[in-house]
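Novice: This is a predicted model, with the sequence first.
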Amino acid sequence: MRFRTPAAVLLVAATLTACANSIPAINARPAQYYEKKVSFTGRIDRTQALAGETLLEIADADAHRILVRTDQPLEAGVGDWVKVKGILVPEGKVGGRVIPDVVVAESIDKTRAPFLRNLF
């Protein structure tokens, strides 16, 4: 299949990116995603190591942020881009405190930064 116009290429790119969850979409209507699997890509901005778990603050290219809780050892560090797959819960217990709208991570894998970060 060959695209003849730049508009067709942009339309295909917009369609493909619309299928994935994004941090702003999750933050705008979190109730829509509660107890459902979500996946998104972002950069680790902050980490907080607690007893047996880690709390991460993940930000996308436009600095939209979301909190992620993981029990697994983390291979990535602050500044690394990661792909997070997990379940958004309305309230998660982290270090004995209740935190609203936190993603309980099933997997966190290192990835590269988005190719066209500020296109849309």
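Specialist: Cool, got the structure.
Novice: residue ranges for the helices of the chain, please.
Specialist: 6-19, 23-28 (DSSP state H).
Novice: burial measure for T41, as a count.
Specialist: 20 (other Cβ atoms under 10 Å). Any C-beta I mention is one placed from the backbone N, CA and C, and that applies to glycine too.
Novice: ugh, wrong one, V103
Specialist: 27.
Novice: same thing with the one 10 residues further on?
Specialist: For A113, the tally of surrounding residues (other Cβ under 10 Å) stands at 10.
Novice: coming back round to it: can you tell me which of the helices of the chain has the worst average pLDDT?
Specialist: Mean pLDDT is lowest for helix 6-19 out of the helices of the chain, coming in at a mean of 53.
Novice: What sits closest to the residue nearest the centre of the chain if chain neighbours are left out?
Specialist: In the chain, the C-alpha nearest the mean C-alpha coordinate belongs to F40, at 3.5 Å (Cα atoms, centre = their mean). When the adjacent residues along the chain are set aside, F40 lies closest to N21, with 5.1 Å between them (Cβ to Cβ, 6 or more residues apart in numbering).
Novice: Pretty sure S39 is one of the things that neighbour touches, is it not?
Specialist: Yes. With contact defined as Cβ atoms under 8 Å, N21 reaches S39; the gap is 5.9 Å.
Novice: out of the two, which sits in the busier spot?
Specialist: Comparing N21 with S39 by other Cβ under 10 Å, the one with more neighbours is N21, at 17 against 13.
Novice: Which pLDDT value goes with the more buried one?
Specialist: So, for N21, pLDDT stands at 84.
Novice: What distance do you get for it to R29?
Specialist: The gap separating N21 from R29 is 11 Å, by Cβ to Cβ, to the nearest Å.
Novice: again with V89
Specialist: In terms of Cβ to Cβ, V89 sits 15 Å off from R29.
Novice: now swap in R69 and tell me
Specialist: 21 Å.
Novice: Counting neighbours, go ahead and name the busier of the two.
Specialist: Neighbour count, other Cβ under 10 Å: between R69 and R29, R69 has more, with 21 against 9.
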